[in-house]
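Novice: next one to model:
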Amino acid sequence: IMDPFSNLDLEQKLADMGVEVHRWMNITNRNLHYKGQKNLGVQIAEYCQYEMGPTSTANIWCAKNYAVNGFDGIIHVKSAGCTPEIDVMPILQNISADYKIPVLYLTYDSQTSDTGLETRVEAFYDMISMRKKVV
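Specialist: Numbering: from 1, shown residues only. You can find the predicted model right below:
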């Protein structure tokens, strides 16, 4: 999860459902877990041939890393009109296809409602739960 200005308590909603959340964009992760990561662009070269900006490149790297490490799903959160993050979406679709990991895209704007968000997150959770029972 990349935390935009207001996320309507998305992390709390997920936690209330029993979901373990990993959000790379916070001070702890940035300084402790990812500080030593160098050449992120090289590590994602099969998906992205050029630098897309610091957060976009890191989001792609994190998505690939999560997929490789067997996460159940990825939620990509962005603010409406964020061009670098819009450009990330097709790359996340490729990662999703290659690693068979579902991705939920959430775009926040001034019209985003709590109820709509909750419905989409619950449906994504249900889909992953059903998928895990089949696999």
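Novice: immediately after the helix or strand bottoming out on mean pLDDT in the chain, which helix or strand?
Specialist: Lowest mean confidence among the helices and strands of the chain (mean pLDDT, DSSP states H and E): helix 27-28, at a mean of 68. Counting by DSSP states H and E, the element after helix 27-28 in chain order, helix or strand, is helix 40-43.
Novice: all strands for the chain, in order.
Specialist: 74-79, 103-108 (DSSP state E).
Novice: wait, which of those is closest to I60?
Specialist: Taking Cβ to Cβ, strand 74-79 is the member of the strands of the chain nearest to I60, at 10.3 Å. For every residue, glycine as well, the C-beta is placed using N, CA and C.
Novice: and that closest one, what does it pack against?
Specialist: The contact analysis (3 or more Cβ pairs under 8 Å, 6 or more residues apart in numbering; DSSP states H and E) places strand 74-79 against helix 10-16, helix 54-68, helix 83-99, strand 103-108.
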